[in-house]
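K.L.:
using only what follows, build the 3D model:
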Amino acid sequence: MSQLQFKEAMEHITYHTPAFPQEEFDLIRQNFDKAKTFFYEALDYTHADPESVPDEYELHFYALLFLGEFKDRDSFEKIVEYVSVTADQLDLLLGDFVTEGLKDVIYNTYNGNLELLKNTIRNKDICIYVRSAMLKVLGQLYLDGTLAKEALQNIFKELFAAREDEQAEMNSFAVEVSCRCHLVELLPDIRKLYDEDKIDLFVSGWYDDCLDYMFHYYENSDLNILCKSSVSADQIKSWAMFEQNSKKQTKVDDKKLAKELSKNLSSKPQKKRKIGRNDPCPCGSGKKYKNCCLNKPKEVMSQIESDEEREKRLRDYPPVGTERVEGRIYLEDYFDKESIETDQLLYLALKDRPVSFFGTNVSNAYMNEKRKHAYLLEAFDRFRDRMQKEQIPSIEAYDKKYSIHYLCKEWMAELGALLKKSGDINEREELLKYYNE
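P.N.:
The predicted structure follows:
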């Protein structure tokens, strides 16, 4: 490759091109050490006066991608300084890339300067999405085994204790990373944030969502918060900023589509056959159904709703009684069986909320009041038995030892309102022994 070819390639990618500059990228990739000087200069130029950078200028953007791809540790502090500008200036320089790929570039160029990451997170004058990216980098460093658990928890505790405007959104980003890292020890701090209204519900959802997420694992046990592998500059070739080759769009195979549709229809669950009075009892006793289980009283739970409906409502509940995977945390590690069973009743009654959490579907705000009433009453019976059996002095003492998703004051307030509405005086008087509305 001649010096002229390299120079032409650099000039070609300095400004925006309608088509993705694949040939130039390949040429520069082969000569990264030579290109690195130009990338540093591009960052210095655009950082000095972001408002004066021409709209078509792109070299600074490509510079970040290539520096991340080649894991250029020497550029880490320069990149952190580069993104430590005002939110408006950063938007002019990088646009959506701040939330799309910046965290991966920072992680892949990280040189071990932990204090710089921490100071950037603390600096409220820096764009909140940059600070969020730094939090994700810290989380990934912990998952890699590079950052100690206690060190990460201390960073989050310090952040949660901060007093500043718009802290709720930053807290929510930190809660997300805490859950992805399964830092169960932070749950009391996180619950306190919810109690003090220092959480953005549109980012984090409710506390019960957060706790579910804390115990959630992806199919890939090697959980990654961001892109650990090399960031490729080619990853942007499909972005709208470049022309796309429409010829690559494949035509839908009608026969294949029909086959898949037929397969899906045939796989639908068949309607259950109704058991006749004179049929053999499904319990296996050998007796006729009418002489065996037909007239047996149903369990309390079955009277509220079917097992299928209950399983559906518990689909996001932390796994219980499943085969354990080494290195994972489980609810049984922290709470006994009785606490979990009571908590599941409360979860079945209260889980539906009008806010989504980290991509989950928004639930219908309307909840069947009768079902809710029944589950809360059953939970209250269990709560009351335990309070009396163990001589627990207060609901606060009960919460500290046994409450999981919901504090007593939360679900008792719901139950009290339902009892008042239904006119159930006796149960309401029992409730008032423990909780004054």
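
K.L.:
assign residue 325 to helix, strand or coil.
P.N.:
coil (DSSP: H, G, I helix; E, B strand; the rest coil).

K.L.:
give me the distance between it and residue 314.
P.N.:
20 Å (C-beta to C-beta, to the nearest Å). Where C-beta positions appear, they are placed from N, C-alpha and C, glycine not excepted.

K.L.:
now residue 69
P.N.:
Counting by C-beta to C-beta, the gap from residue 69 to residue 314 is 44 Å.

K.L.:
on that earlier part again, who has more neighbours out of residue 325 and residue 314?
P.N.:
Using other C-beta atoms under 10 Å as the criterion, residue 325 and residue 314 rank with residue 314 on top: 15 against 10.

K.L.:
in this structure, which ranges drop under the pLDDT threshold?
P.N.:
1-3, 164-166, 219-223, 226-231, 245-278, 281-302, 353-367, 437 (pLDDT under 70).

K.L.:
need the longest helix for it.
P.N.:
helix 369-390 (DSSP state H).

K.L.:
any buried residues in the next helix or strand after that one, and which?
P.N.:
As assigned by DSSP states H and E, the chain's next helix or strand after helix 369-390 is helix 395-402. Under the neighbour-count criterion of 16 or more other C-beta atoms under 10 Å, helix 395-402 has 395, 398, 399, 402 buried.

K.L.:
so which elements touch helix 395-402?
P.N.:
helix 337-350, helix 369-390, helix 408-422 (3 or more C-beta pairs under 8 Å, 6 or more residues apart in numbering; DSSP states H and E).

K.L.:
could you give the angle of that helix to helix 337-350?
P.N.:
Inter-element angle recorded for helix 395-402 and helix 337-350: 110 degrees (by axes from the mean of the first three to the mean of the last three C-alpha atoms, to 10 degrees).

K.L.:
ok now helix 395-402, how far from the chain's centre?
P.N.:
In this view, helix 395-402 has its centroid 27 Å away from the chain centroid, taken as C-alpha atoms, centre = their mean, to the nearest Å.

K.L.:
check the gap between residue 81 and residue 64 for me.
P.N.:
Note on residue 81: its distance to residue 64, by C-beta to C-beta, is 13 Å.

K.L.:
which of those two has more residues huddled nearby?
P.N.:
Neighbour tally, residue 81 and residue 64, criterion other C-beta under 10 Å: the higher count belongs to residue 64, 27 against 14.

K.L.:
OK, contacts around that one?
P.N.:
Taking C-beta atoms under 8 Å, 6 or more residues apart in numbering, we find residue 64 in contact with 43, 79, 94, 97, 102, 105.

K.L.:
recalculate using a threshold of 6 Å.
P.N.:
Applying C-beta atoms under 6 Å, 6 or more residues apart in numbering to residue 64 gives the contacts residue 105.

K.L.:
ok so, going back, can you put the helices and strands packed on helix 395-402 in CSV and add mean neighbour count?
P.N.:
Output for the helices and strands packed on helix 395-402, formatted as CSV (neighbours: other C-beta atoms under 10 Å):
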stretch, mean neighbour count
helix 337-350, 20
helix 369-390, 17
helix 408-422, 17
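
K.L.:
rewinding a little: closest one to residue 134 out of the buried residues of helix 395-402, please.
P.N.:
residue 399 (34.0 Å; C-beta to C-beta).

K.L.:
now that closest one. Nearest residue, chain neighbours left out?
P.N.:
Residue nearest to residue 399 in three dimensions, not counting chain neighbours: residue 407, with 5.1 Å by C-beta to C-beta, 6 or more residues apart in numbering.

K.L.:
kindly report the same for residue 169.
P.N.:
Using C-beta to C-beta, 6+ apart and skipping residues adjacent in sequence, the residue nearest residue 169 is residue 200, 4.7 Å away.

K.L.:
so who does the one you found touch?
P.N.:
For residue 200, the contact set (C-beta under 6 Å, 6+ apart) comprises 168, 169, 172.

K.L.:
highest neighbour count among these?
P.N.:
Counting by other C-beta under 10 Å, top hit in the contacts of residue 200: residue 172 with 21 neighbours.

K.L.:
what does the helix or strand containing that residue contact?
P.N.:
Under the criterion of DSSP H and E, residue 172 resides in helix 167-180. By C-beta under 6 Å, 6+ apart, the residues outside helix 167-180 that reach it are 128, 132, 135, 139, 156, 159, 186, 190, 193, 198-200, 203-204, 213-214, 225.

K.L.:
next, format the contacts of residue 200 as TSV and append distance to residue 321.
P.N.:
Shown next, in TSV, are the contacts of residue 200 (distance: C-beta to C-beta, whole Å):
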residue	distance to residue 321
168	36
169	37
172	31
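
K.L.:
going by distance to residue 38, which of those wins?
P.N.:
Taking C-beta to C-beta as the measure, residue 38 sits nearest to residue 169 out of these, at 36.7 Å.

K.L.:
hmm, residue 189 is touching residue 160, no?
P.N.:
Yes. Using C-beta atoms under 6 Å, residue 189 is in contact with residue 160, at 5.3 Å.

K.L.:
who's in contact with residue 375?
P.N.:
345, 348, 349.

K.L.:
wait, which of the residues you listed is closest to residue 146?
P.N.:
Sorting the contacts of residue 375 by distance to residue 146 puts residue 348 at the head of the list, at 40.7 Å, by C-beta to C-beta.

K.L.:
residue 160 versus the closest one, what's the distance?
P.N.:
30 Å.

K.L.:
how about residue 41?
P.N.:
40 Å.

K.L.:
same question for residue 113.
P.N.:
Residue 113 is 24 Å from residue 160, where distance means C-beta to C-beta.

K.L.:
with neighbour numbers in mind, choose between those two.
P.N.:
Per other C-beta under 10 Å, whichever of residue 113 and residue 160 has more neighbours is residue 160, with 21 against 13.

K.L.:
got phi/psi on that one?
P.N.:
phi -60, psi -30 (degrees, to the nearest 10).

K.L.:
so who does residue 402 touch?
P.N.:
Residue 402 is in contact with residue 339, counting by C-beta under 6 Å, 6+ apart.

K.L.:
can we start the residue count at 7 from this point?
P.N.:
Noted, 7 is the first residue going forward, which turns the last one into residue 408.

K.L.:
for it, give its distance to residue 319.
P.N.:
21 Å.

K.L.:
cool, residue 169 as well?
P.N.:
39 Å.
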